[in-house]
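Visitor: Okay, sequence plus prediction incoming.
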Amino acid sequence: MDYSFVKGHGTENDFVLIPDANGRHELTAEQVARLCDRRAGIGADGVIRVVRTDATEDPAAVAARGQARWFMDYRNSDGSLSEMCGNGIRVLGLYLATHADVDPREPLLVATRAGIRTLTFDGDRITVDMGAPEVAGETKVTVGDRSWAATRISMGNPHAVAFVDDLADAGDLRTEPEYDRVAFPDGANIEFVVRRGEQHVALRVHERGSGETRSCGTGACAVMVAAALADGAERGTSYTVDVPGGTLEIVWTPDDRILMTGPAVLVAEGVTDL
């Protein structure tokens, strides 16, 4: 069966969007992996099925009915389910503002498996209220024969944030770093971080189910939280987070919300039978 797709990215973290307002395209893990294949498919870090909350029985969408009209059904490139994606939700927001009856002058509520997220638009820069972070203590990550202390942080999905001397210390992040599987029973996103200046950090990331990516929005938020805690920064302080694919601006507000601002770009659309 042929169906439409849109390709987009946020700081070069790229996604295939499947418009499915009426809930007709329940994708299998195999279909997602084929779509994301960079040689035999369209190529992406993940797939976002764009579906109305009243057109799917996903529990997160059902719980959001009456509050959010749209649901972000996000899958990693290996086909596994994920709670949400910070870069992906900006791309989804831009798609809805340009292809659906969403007014970008108004805040947009989107349901995810991590809860409802609110987006506000300023041209191609979109700010997402990512909710409150959860800091769960210390852990350890290992690459080869080197290990680093890391901070466990949830942004609706799990992260381990480790500060290193050089981003090259992370090695080949196509291979998943070692970490505590008891602390992260559902897997984890692993961020390696260096400081670039005052309230300015840079990262590399291995994303659960996708490998090393050019950017991770939730990971950048987790990194900002870890840096702010280490710095003793006052709430409301803005951090610049460099990722291989660009830059994100992140604020931890006095009312314990993480606001992430960054770009979104739609680059192609068409029809596929993958």
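Guide: Great, that's in hand.
Visitor: Flag every buried residue along the helix or strand hosting Glu191.
Guide: Secondary structure assignment for Glu191, by DSSP states H and E: strand 189-197. Using 16 or more other Cβ atoms under 10 Å as the test for burial, strand 189-197 gives 189-194. To be clear about C-beta, it is placed using only N, CA and C from the backbone, and glycine gets the same treatment.
Visitor: Ok, stretch 258-274 next?
Guide: Under the neighbour-count criterion of 16+ other Cβ under 10 Å, stretch 258-274 has 258-264, 266, 272, 274 buried.
Visitor: Of those residues, just say which sits nearest to Leu81.
Guide: Leu274 (19.0 Å; Cβ to Cβ).
Visitor: Excluding chain neighbours, what is closest to that closest one?
Guide: Nearest residue to Leu274, sequence neighbours excluded (Cβ to Cβ, 6 or more residues apart in numbering): Arg34, at 4.7 Å.
Visitor: Kindly report the same for Asn157.
Guide: Closest residue in space to Asn157, ignoring its immediate chain neighbours: Glu83 at 4.3 Å, by Cβ to Cβ, 6+ apart.
Visitor: How about Ile18?
Guide: Arg49 is the one closest to Ile18 (Cβ to Cβ, 6+ apart), at 4.7 Å.
Visitor: next helix or strand past the helix or strand containing the one you found?
Guide: Taking DSSP H and E as the criterion, Arg49 maps to strand 46-52. Using DSSP H and E, the helix or strand that follows strand 46-52 towards the C-terminus is helix 59-64.
Visitor: In terms of secondary structure, what does the helix or strand that comes right after that next one contact?
Guide: With elements assigned by DSSP H and E, the helix or strand that comes after helix 59-64 is strand 70-76. On a contact count with 3 or more Cβ pairs under 8 Å, 6 or more residues apart in numbering; DSSP states H and E, strand 70-76 meets helix 29-36, strand 46-52, helix 59-64, helix 86-99, strand 108-112.
Visitor: the inter-axis angle of the first one versus strand 70-76?
Guide: With axes from the mean of the first three to the mean of the last three Cα atoms, to 10 degrees applied, the angle from helix 29-36 to strand 70-76 works out at 80 degrees.
Visitor: Begin at 24 from now on, thanks
Guide: All right, first residue 24 from here; so that's helix 52-59.
Visitor: what mean pLDDT does helix 52-59 have?
Guide: Averaging pLDDT along helix 52-59 gives 97.
Visitor: What lies in contact with that helix?
Guide: 28, 39, 50, 63-70, 98-103, 295, 297 (Cβ atoms under 8 Å, 6 or more residues apart in numbering).
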